[in-house]
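J.: Predicted structure and sequence below. I'll ask about it afterward.
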Amino acid sequence: MPAGHPCQAPPVILVVARALARPDGRADLVALLVEAARASRQEQGNLSYAFHADLEDPNALVSVEEWETREDLDRHMGTPGLAALLQALPPLVTADPTITVHEVAATAPYGG
């Protein structure tokens, strides 16, 4: 890292997952996701875990997660709770969710 680089946080693993809820299953899906987020925040290496709804399409849901290491994320992906969540999703969503993993080398506030 060059001298004077504005990096203020160590590298993190950023996960973005997207799903489109079936309108008649949205309430059940939201209840499952709230429970999953609360449990995941207690896991080793989790820095943040939250679900968000699109302002233009409330059935479009996105999770944003931050993990200290890839090993922490891999451990999370193997938990029984996450397996149960993924198994419960098909009747509540219109298609399989997409999950992308980003290995962020540096993070700094935007300074304009």
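T.: Here it is on my side, so go on.

J.: Just confirm residue 47 contacts residue 64, I think it does.
T.: No. Counting by CB atoms under 8 Å, residue 47 sits too far from residue 64 to count as a contact (10.7 Å). For every residue, glycine as well, the C-beta is placed using N, CA and C.

J.: residue boundaries of the strands in this protein?
T.: Counting by DSSP state E, the chain has strands at residues 12-20, 46-53, 60-67, 98-104.

J.: any idea of the mean pLDDT in the longest helix along the chain?
T.: Taking DSSP state H as the criterion, the chain has its longest helix at helix 26-40. Average pLDDT, helix 26-40: 96.

J.: Run through the neighbouring helices and strands of that helix.
T.: strand 46-53, strand 60-67, helix 80-88 (3 or more CB pairs under 8 Å, 6 or more residues apart in numbering; DSSP states H and E).

J.: Could I have the CA atoms of the second one written out in PDB?
T.: Once side chains and other backbone atoms are set aside, the C-alpha atoms of strand 60-67 remain, and they are given as PDB (Å, rounded to 0.1, in the frame of the first residue of the first chain):
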ATOM      1  CA  ALA A  60     -36.800  -7.100  -4.700                       C
ATOM      2  CA  LEU A  61     -34.700  -7.900  -1.600                       C
ATOM      3  CA  VAL A  62     -30.900  -7.600  -1.200                       C
ATOM      4  CA  SER A  63     -28.600  -8.700   1.600                       C
ATOM      5  CA  VAL A  64     -25.300  -7.100   2.200                       C
ATOM      6  CA  GLU A  65     -22.900  -8.900   4.500                       C
ATOM      7  CA  GLU A  66     -19.400  -8.200   5.700                       C
ATOM      8  CA  TRP A  67     -17.000 -10.900   7.000                       C
END
